[in-house]
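Novice: mind looking at a prediction? Sequence and model below.
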Amino acid sequence: MGGYPGGFRFQGLQEMESCHLVPGDLLALEGGRMLLPCDSVLVHGTCVVNECMLTGESVPVTKTCLPRDHSQQPWQTSCADDYRRHVLFCGTEVIQAKGGGKEPAKAVVLRTGFNTAKGELVRSILYPKPVNFRLYKDAIRFLMFLIGIAAIGMVYAVCVFTLNGEEAGEVVKKALDVITIAVPPALPAALTTGIIYTQRRLRKKGIFCISPQRINVCGQLNLICFDKVRRLLSGLESRGGK
């Protein structure tokens, strides 16, 4: 797979490393099977690609070139059909590429790195979005309830010991003692220790969790569904990390 870097920086076809590709480069798709290193839009010729890496479907998909349109609208909205039919996604395998006449099929680089469709999928796996579980909301409400009880007990203790003529130091000690009884200071540490112990037990069975806070709600699950695409990408990323 060769390319015309930048479209205007050099004249003629040159071979270059995929890490040097930038949006706007023109790729020449020729030769046998190849893996696409970036998202690109097909501007000349047709391609047959295997998108099982992204969709999980092993049925080959035919990509057609972007129709020539002189309108001022963005090419995603100006396309009469689905614009995905003209996009070659990163990580997919090009099975066959055909150009017009003697020229090879050509594509323009759109996105690279984590900005590609595959990069966004991998990023969502490694850094999942925070989920607001009802368990956490109820825990915060319970903690606020304990704090309210502790405040009432502290005020009552201060009033009682002050009326009995106790020293100021003793009054403060008794008030703080009431707070520690109502709200255990070791509660967050105990929860964290439980999560760490659970992670170690899961690790011995070959189960890894990238979001430890979700372990607390696993005991309430009755059904778990696995996405084969995410499992495949997770396996590839873990092998690459080793």
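Specialist: All right, it came through fine.

Novice: what about the strands in this protein?
Specialist: With DSSP state E as the criterion, the chain has strands at 2-4, 26-29, 34-35, 39-44, 46-50, 61-64, 87-88, 93-98, 105-111.

Novice: which helix or strand in this structure has the lowest average pLDDT?
Specialist: Lowest on mean pLDDT, DSSP states H and E among the helices and strands of the chain sits helix 228-241, with a mean of 45.

Novice: residues in contact with residue 113?
Specialist: Contact analysis of residue 113 by Cβ atoms under 8 Å, 6 or more residues apart in numbering lists residue 119. In short, each C-beta sits where N, CA and C put it, glycine included.

Novice: for the biggest helix by length in the chain, the distance to its chain's centre please.
Specialist: What stands out as the longest helix in the chain, according to DSSP state H, is helix 134-163. Chain-centre distance of helix 134-163: 39 Å, with Cα atoms, centre = their mean, to the nearest Å.

Novice: rewinding a little: can you add distance to residue 178 and mean neighbour count and give the strands of the chain back as a markdown table?
Specialist: Supplementary listing: the strands of the chain in a markdown table, determined by distance: least, Cβ to Cβ, whole Å; neighbours: other Cβ atoms under 10 Å:
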| stretch | distance to residue 178 | mean neighbour count |
| --- | --- | --- |
| strand 2-4 | 72 | 20 |
| strand 26-29 | 71 | 22 |
| strand 34-35 | 66 | 14 |
| strand 39-44 | 61 | 21 |
| strand 46-50 | 67 | 18 |
| strand 61-64 | 68 | 16 |
| strand 87-88 | 65 | 22 |
| strand 93-98 | 67 | 17 |
| strand 105-111 | 59 | 22 |
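
Novice: count of neighbours near residue 84?
Specialist: By other Cβ atoms under 10 Å, the residues close to residue 84 number 13.

Novice: how close does it get to residue 63?
Specialist: Distance of residue 84 to residue 63, computed by Cβ to Cβ, to the nearest Å: 9 Å.
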